[in-house]
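Undergrad: I need the structure of the sequence given here:
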Amino acid sequence: MSDASDRRGTRQRDFEDLQHEISGADVGRMRRFLSPDDDRSAEGKRKKRELERIRQTLADLMHDPEYARLYVLLGNDLRQAETQADVALAALRVDIDQMDHKIADMEANAARGPD
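TA: Got it, this is the predicted structure:
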């Protein structure tokens, strides 16, 4: 068999495998083309249905005034915690920069041997 016919056969097999993956058919070979999250794959379709179920559940829950109130409070608390974490990280960055300068000064002023 020539290289050209080998490539045609490989391309044809790849095309057929892709079509099987899109249709969800199992041909006994490892899936190579679609990611598990792709909406055309069986796993992707399952994940999409599950995500839609979760969205619908949340929409249903938001009709409950108490749940909606708690949801908003949680969102506010999370934003506040993120802001506090950002402030703490910024302070730590300043401390690290100061320590880096102190280390650089100590190294610059350190006694050195002849070598």
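
Undergrad: remind me, longest helix of this protein?
TA: Longest helix of the chain, by residue count under DSSP state H: helix 65-109.

Undergrad: run the chain-centre distance for it.
TA: Here helix 65-109 shows a centroid-to-chain-centroid distance of 22 Å under the convention Cα atoms, centre = their mean, to the nearest Å.

Undergrad: what about it, average pLDDT?
TA: For helix 65-109, mean pLDDT rounds to 96.

Undergrad: and it, what does it pack against?
TA: Helix 65-109 sits against helix 42-61, with contacts defined as 3 or more Cβ pairs under 8 Å, 6 or more residues apart in numbering; DSSP states H and E. Glycine gets a C-beta too; all of them are placed from N, C-alpha and C.

Undergrad: just the CA trace of the helix it packs on, in CSV.
TA: Extracted C-alpha coordinates of helix 42-61, given in CSV (Å, rounded to 0.1, in the frame of the first residue of the first chain):
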residue,chain,number,x,y,z
ALA,A,42,-23.0,11.4,25.2
GLU,A,43,-21.2,12.7,28.3
GLY,A,44,-21.6,16.3,27.1
LYS,A,45,-25.3,15.8,26.5
ARG,A,46,-25.7,14.3,30.0
LYS,A,47,-23.8,17.2,31.6
LYS,A,48,-25.9,19.7,29.6
ARG,A,49,-29.2,18.1,30.9
GLU,A,50,-27.8,18.1,34.4
LEU,A,51,-26.8,21.7,34.2
GLU,A,52,-30.3,22.6,32.9
ARG,A,53,-31.9,20.7,35.7
ILE,A,54,-29.8,22.6,38.2
ARG,A,55,-30.6,25.9,36.6
GLN,A,56,-34.3,25.1,36.7
THR,A,57,-34.1,24.1,40.4
LEU,A,58,-32.4,27.4,41.2
ALA,A,59,-35.0,29.3,39.3
ASP,A,60,-37.7,27.4,41.2
LEU,A,61,-36.0,28.2,44.6
